[in-house]
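Asker: Need a 3D model of the sequence below.
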Amino acid sequence: MKNKKWKISIGIFFMMMASILAACGSSSSGDGELEDKYTVVTDTSFVPFEFMEDGEYVGFDIDLINAVAEEAGFEIELETTNFDGIIPGLQTGQFDIAIAGISITEERKEKIDYSDPYYESGLAIGVRSDNTDINGIEDLAGKTIATRLGSTSAAYIKENIEGATPNEYDQLDQAYMAVENGSADAILYDAPNVHYYINTTGDGTLKVVGDLYQAEDYGIAITKGNEALVEAINEALATLRENGTYDEIYEKWFGTTPE
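Answerer: Residues are numbered from 1 along each chain as shown. Next up, the predicted model:
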């Protein structure tokens, strides 16, 4: 009986060791090797970077992430959420990658990883075409300013514009409509989106005033700690810049090549 117990104990010991080694091997492989497929999240209300057209995902970011995935050698599955849900989704592992005009900030770096910058942006002011009172950032003091929920522009309003009230919206079209119908005095948001909206949907109803404020870079966001994925995306971005693919995508959506 004693020998039998001893044999069982030894068997259990080796089974436990095998499980531990397998787990260690799996963890190491996950950190150092790419998966075949990743879940990419975006927010389809940010034209011309990502939006829906005829039931398809389109935009600068969409073309870019598809080109990055092809170059890096993995497949992607696109999902959508509101912008303010992107960072929490990456933190919980619901998503692997995010691309949605996400500004690179030190605060966000504590929660997620970023690729190298892929687009240089900044903030622009949009007002009604008949507005003559707001001509720059200094004129926004004490005003009601529409912007996007969870964005860097919302933080900028709270931290830099005295007495201003930020009206934060889940969807960007709601923010522009607030300016058009007079419930907000202005919109402060990412310059390429403000210019695109005013040149298309908002043509004749809104105008851009002032300068480009708070220059900032966009990066592809990645679940924290996946160094292999960060490296693969950065290498792919570098290759796309070198072989001209990035310039082609840029010109397709902005009508010019990057400076």
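Asker: what does stretch 222-232 contact?
Answerer: For stretch 222-232, the external contacting residues (Cβ atoms under 8 Å, 6 or more residues apart in numbering) are 31-34, 38, 72-74, 90-91, 93, 95-98, 111-115, 233. Backbone N, C-alpha and C define where each C-beta goes, glycine included.
Asker: please redo it, this time with the cut-off set to 6 Å
Answerer: Residues lying outside stretch 222-232 but in contact with it, judged by Cβ atoms under 6 Å, 6 or more residues apart in numbering, are 32, 34, 72, 90, 96-97, 112-113.
Asker: and Thr39, that's in a strand?
Answerer: Yes - judged by DSSP: H, G, I helix; E, B strand; the rest coil, Thr39 forms part of a strand.
Asker: Quick check, it in contact with Ile97.
Answerer: No - with the criterion set as Cβ atoms under 6 Å, Thr39 and Ile97 do not qualify as a contacting pair; they are 7.2 Å apart.
Asker: Please identify which of those two sits among more neighbours.
Answerer: Neighbour totals were compared for Thr39 and Ile97, and Ile97 leads with 25 against 17 (other Cβ atoms under 10 Å).
Asker: ok, and the closest non-adjacent residue to the more buried one?
Answerer: Distances taken as Cβ to Cβ, 6 or more residues apart in numbering place Val40 nearest to Ile97, at 4.5 Å, with adjacent residues excluded.
Asker: before we move on, the earlier item: please tabulate the contacts of stretch 222-232 in TSV, including the columns distance to Asp211 and pLDDT.
Answerer: Supplementary listing: the contacts of stretch 222-232 in TSV, determined by distance: Cβ to Cβ, whole Å; pLDDT from 0 to 100:
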residue	distance to Asp211	pLDDT
Gly32	46	68
Leu34	42	93
Ala72	37	98
Leu90	32	98
Asp96	37	98
Ile97	33	98
Ile112	30	98
Asp113	32	98
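Asker: For the residue lying closest to Asp139 once chain neighbours are set aside, grab the count of nearby residues.
Answerer: Nearest non-adjacent residue to Asp139, counting by Cβ to Cβ, 6+ apart: Asp133, 6.4 Å away. Asp133: 9 surrounding residues under other Cβ under 10 Å.
Asker: And for the one 5 residues further on?
Answerer: A count of nearby residues for Glu138, using other Cβ under 10 Å, gives 10.
Asker: What of Gly150?
Answerer: For Gly150, the neighbour count with other Cβ under 10 Å is 18.
Asker: again, but for Phe49
Answerer: When counting by other Cβ under 10 Å, one arrives at 28 neighbours for Phe49.
Asker: got it, and Ala141?
Answerer: One way to gauge burial is a neighbour count; for Ala141, by other Cβ under 10 Å, it gives 11.
Asker: show me what contacts Tyr38?
Answerer: 74, 76, 96-97.
Asker: Closest one to Glu53 out of these, please.
Answerer: Distances from Glu53 to these, taken as Cβ to Cβ, are shortest for Ile76 (18.6 Å).
Asker: Pairing partners for the strand or helix carrying the closest one, with directions?
Answerer: Element membership of Ile76 [criterion: DSSP states H and E] is strand 75-80. Counting by DSSP bridges, the strands paired with strand 75-80 are strand 37-42 (parallel).
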